[in-house]
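1. heads up, no residue letters with this:
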Ligand code: NG6
Ligand code: CA
C-alpha cells in the first residue's frame, strides 16, 4: 500500500470508529481540550488598568479577569514594539533572532516562515479551529502585494483557519479589512493601490492639505488622508472598502463574537487583537468623554467594554468554564505617538507606566512589562503572581496544556505558572526594543551600552540608551533610578557572561 493510500485507510478506519462511539463520549473528548483565547491590546501600559492601580481610568471588565484569575505583576511582552512582540507571541521565538521583526510598513512581506511552528498551527494539529480577529502587523504576501487579488501568504498560511484583520496598524495604509486574504467590500471598479515611497498624483496628503484634516499630525503621519485622519503611507482607490475608524472596535468585536458562536462546539483558538489604545485614537461617540483623559483614556474604556461583551458571549454560549483566556499588551504605553490628541495635555494624575521607567520603544521596564492576566473560570484560583513570565512562553505552555509536542528553545513551558499553581517563573529573559537587547536575571536587569539618543524626543520616552553598562536591582528599585554597574562589578560580569551566551555578541 502506498503511503497516501495507507493514510486514507487509517482515516477511514478512524471515521468508522468515531461514528460508532456514543454521542456522550464525543462530548467528553471535546471538553478535554479547552478553548484558548488570547486577548491582545496595542500599547496598553502597565498602569492603564484599574486592577493594576489606575484610578483615572476604570476597566471593570479587565479587572474582573485580573481579580478572578492570575494577575501577573512581572509579565512581559517580548519587545517594546508591536511586530516583534506579535512575531514572538505566535512563534515562541525571540524576535531579535529575526532581523525582519521590526515595525513594518503596510506593504511588508510576511515575516513568519510558513514552515515555522506557530501557536495556531500547533493547535490545529490538536484538532482546534483557529482564528485571528484584529490587528495583524506581521506582513502579508511575499513581495509586491496586489490588494485587489487574494493576498497570500498571510495568517491563513501560518496556521489560522479564519482571519479577519487589518493589515498593519490603524495609522498605516491600506485602511481596509481583509477576510481570509481578500479585501472586504472591494469594488472591482475602484482598485486599491498602496505605496510607501511616493504619493499618487492628485491625491491629497496630510502634509499639503491641512484643511482636510479632522485630526492633526504631530510627527510622521502626514501622507494619505482617510476619514480626515492623515496616515503613514499612500493609498489610492478602494473607497467603499475603507474602514470607519470610530466603528473599528465594534466591528472587530462582532467578528470575535460571531467566531465564538460559530465554533463553540469544537475546541477553538482565537487571537483577538484589539487596536486600542494605539494611535489614531478614535473612540466611538458613545465613549467620548468617558474619562477625563481625552481619546487615549476613552479608547481604553472602549476596549474594556469590548472585552466585557466578548466574555459575556462566552458565558451566554455556555463555554466560559471551558475557555482559558490570556490577556496582555504588545508593548508599553506612549502618550504622543504622532497625533495631537490631548494624550499629554490631559494626562493629569494618571500614570500609564504604573511607576515604571521608559515606555513604548524603551529597554527600561515600561517598554515590556505590561498587564498580563490568565483567567479560566472554575479552573484558575484568583491570585497575584510575581513570577517572571514572557509572552514567548505561551507557545510551550499551551503545547503542554493540549498535549502538543513542540521543540522550542526560547519558549519555556510554564503552564503551572500560567494556571496559578506555581510561582516559579523564568530565571532569565532577554528583553528587546528596536533591535537592542537587555538581560533580565531574577531581579536584576543589565542593559549593555548603546549608541543613540537617551530620549526619543518626539514621543518623550527614555529609550534606555547609555554609553555605559546599566545594572538595576528591581527588587528595591523598580523605577530603575540607581545604576549599580560600578558598585556591583561581580553581578555585572555574571550578567554580561550570561547575556553573551544567549544573545551571542
Ligand atoms: C512608528 C509610528 C508610530 C507607531 C509605531 C508602531 C511615526 C513617526 N511613528 O513609526 O505612530 O505607528 O511606528 O507602533 O510614524 S506599533 O505599536 O505598531 O509598534
Ligand atoms: Ca503596539
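-> Cool, got the structure. All of these numbers come straight from a predicted model, not from anything done at the bench. Ligands and ions are numbered 1, 2, ... in the order given.
2. so who does whatever residue of the chain ends up closest to ligand 2 touch?
-> Ligand 2 sits closest to residue 82 of the chain, with a gap of 3.5 Å, by Cβ to the ion. Using the backbone N, CA and C atoms, a C-beta is placed for each residue, glycine as well. By Cβ atoms under 8 Å, 6 or more residues apart in numbering, residue 82 lies in contact with 42-43, 103, 135, 137, 169, 278, 330-331.
3. out of those, who's the most crowded?
-> residue 331 (31 neighbours; other Cβ atoms under 10 Å).
4. ok, the residue nearest to the spatial centre of the chain - contacts?
-> Central residue of the chain (Cα atoms, centre = their mean): residue 330, 3.9 Å from the mean position. Taking Cβ under 8 Å, 6+ apart, we find residue 330 in contact with 40-43, 77, 79, 81-82, 85-86, 89, 370.
5. can I assume residue 327 sits in a strand?
-> Yes. Assessed by DSSP: H, G, I helix; E, B strand; the rest coil, residue 327 belongs to a strand.
6. that one: how many residues sit nearby?
-> There are 27 residues near residue 327, going by other Cβ under 10 Å.
7. pretty sure it sits against residue 39.
-> Yes. Here residue 327 lies in contact with residue 39, judged by Cβ atoms under 8 Å, at a distance of 4.4 Å.
8. buried ones in stretch 121-134, by neighbour count?
-> Using 16 or more other Cβ atoms under 10 Å as the test for burial, stretch 121-134 gives 121-124, 126, 128-134.
9. kindly report the same for stretch 180-193.
-> Neighbour counts over stretch 180-193 (16+ other Cβ under 10 Å) mark 180-181, 183, 186, 192-193 as buried.
10. how far off centre is it?
-> 26 Å (Cα atoms, centre = their mean, to the nearest Å).
11. what's the answer for stretch 485-504, then?
-> 30 Å.
12. over to stretch 247-254?
-> Put simply, stretch 247-254 sits 17 Å off its chain's centre (Cα atoms, centre = their mean).
13. what residues does the stretch 1-150 of the chain have near ligand 2?
-> 42-43, 82 (Cβ under 5 Å from the ion).
14. hang on, I meant the stretch 201-350 of the chain
-> Counting by Cβ under 5 Å from the ion, the stretch 201-350 of the chain sits next to ligand 2 at 330-331.
15. now the strands for the stretch 201-350 of the chain?
-> Listed in chain order, the strands of the stretch 201-350 of the chain (DSSP state E, counting those that start in this stretch) span 225-226, 229-230, 234-236, 268-273, 323-329.
16. the stretch 51-200 of the chain too?
-> 70-72, 75-76, 129-135, 162-166, 177-179, 182-183, 193-195.
17. could you dump these to TSV with distance to residue 452 and mean pLDDT?
-> Converted to TSV, the strands of the stretch 51-200 of the chain look like this (distance: least, Cβ to Cβ, whole Å; pLDDT from 0 to 100):
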stretch	distance to residue 452	mean pLDDT
strand 70-72	30	98
strand 75-76	22	98
strand 129-135	27	98
strand 162-166	30	98
strand 177-179	35	98
strand 182-183	38	98
strand 193-195	29	98
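18. now the ones you listed as a markdown table including distance to residue 258?
-> Formatted as a markdown table, the strands of the stretch 51-200 of the chain follow (distance: least, Cβ to Cβ, whole Å):
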| stretch | distance to residue 258 |
| --- | --- |
| strand 70-72 | 29 |
| strand 75-76 | 29 |
| strand 129-135 | 9 |
| strand 162-166 | 9 |
| strand 177-179 | 12 |
| strand 182-183 | 17 |
| strand 193-195 | 28 |
